[in-house]
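Chemist: Attaching a predicted model along with its sequence, questions to come.
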Amino acid sequence: QAQLVESGGGLVQAGGSLRLSCEASGRTFSVYTRGWFRQALGKEREFVASINWRGDTTYYSDSAKGRFTISRDNAKNTVYLQMNSLKPEDTAVYYCAAGLGGGIRVDESDYAFWGRGAQVTVSS
């Protein structure tokens, strides 16, 4: 049974950094698109970042661009989200996802597998 598990969330002050990890198990996701989404309290889930299966193409939301970096290690079946210069508005539950196709994907509907989420809280 395929499973994605996020780790690395927590509480950080504004301007600080966090690195989220998402380890997959149950199947190999090396040829899958991988992505990160987030959902703030009272808001809909939104796209944050996507990386293609080779790891050589990435795409970010406007709010993540220049501050967040998505990367992957296919040998470890793991995707990462390095978050720098964090702001209070980045506070949310962050979800990792995996989808077929291998290329960049920004829509939730393109992702078939989801983690349970990791809470990130940025204090001002």
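Modeler: Arrived safely.

Chemist: Quick check: the residue at minimal distance from the centre of the chain vs Pro88, distance?
Modeler: Most central in the chain under Cα atoms, centre = their mean is Trp36, positioned 2.5 Å from the mean C-alpha point. Distance of Trp36 to Pro88, given as Cβ to Cβ, to the nearest Å: 19 Å. All C-beta spots, glycine's among them, are computed from the backbone N, C-alpha and C.

Chemist: distance of Thr33 from Leu4?
Modeler: Taking Cβ to Cβ as the measure, Thr33 and Leu4 are separated by 13 Å.

Chemist: what sits in contact with each of these two?
Modeler: Residues touching both Thr33 and Leu4 comprise Ala98, with contact defined as Cβ atoms under 8 Å, 6 or more residues apart in numbering.

Chemist: coming back round to it: gap between the one helix or strand the residue nearest to the centre of the chain maps to and the chain center?
Modeler: Assigning secondary structure by DSSP states H and E places Trp36 in strand 33-39. Centroid displacement of strand 33-39 relative to its chain, using Cα atoms, centre = their mean, to the nearest Å, is 4 Å.
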